[in-house]
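**Student:** pasting the sequence and the predicted model now:
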Amino acid sequence: MEKILVADDELEILGMIETILKKEGYEVVAAKDGQEALNLAKAQKPDLIVSDYLMPNLNGAELCRALKKESETKAIPIIIVTAYPAEKERSLSAGAVDFIAKPVDKFDLLLRIRSALRVRHISNELQKIIAYIAELEK
């Protein structure tokens, strides 16, 4: 079961996304602000993060930057969700892999999550192959 961390200070949106993901069979960890999301990401090592952009303590871009600095969290794909499309460039520049505008469309959310998880799995497999080849070359 894949684990997804969802971070949003708007409890209705947090609950809605959490419900959608649980119904699809994902394990969900929830955070109500950016700092809590950072702490949970370091402790739980989710397979993917869905984060609001505007949150207390750390916004979505700050969360991305903090996670990308750490070796154990830098490969976690982050999808930013916000009502402000102008934040798209800041989010992607900070390391997010995708961006979803509010209001969140269930189909769009699930499509983007599946795509990001597929890319992560391919990347993990490629890293294993590279490590195996490096071992063979020794």
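**Tutor:** Received it, and whenever you're ready, just let me know what you need.

**Student:** starting at the chain centroid, how far to the longest helix seen in the chain?
**Tutor:** Ranked by residue count and defined by DSSP state H, the top helix of the chain is helix 106-137. Relative to its chain's centre, helix 106-137 lies at 14 Å (C-alpha atoms, centre = their mean, to the nearest Å).

**Student:** distance-wise, check Gln44 relative to Phe99.
**Tutor:** According to C-beta to C-beta, to the nearest Å, Gln44 and Phe99 sit 23 Å apart. No exception for glycine: its C-beta is placed from N, CA and C like everyone else's.

**Student:** more neighbours: which of those two?
**Tutor:** Phe99 (20 against 13; other C-beta atoms under 10 Å).

**Student:** got the phi and psi for the closest residue to the more buried one other than its chain neighbours?
**Tutor:** Using C-beta to C-beta, 6 or more residues apart in numbering and skipping residues adjacent in sequence, the residue nearest Phe99 is Lys88, 4.7 Å away. The phi and psi torsions at Lys88 (degrees, to the nearest 10) take the values phi -60, psi -50.
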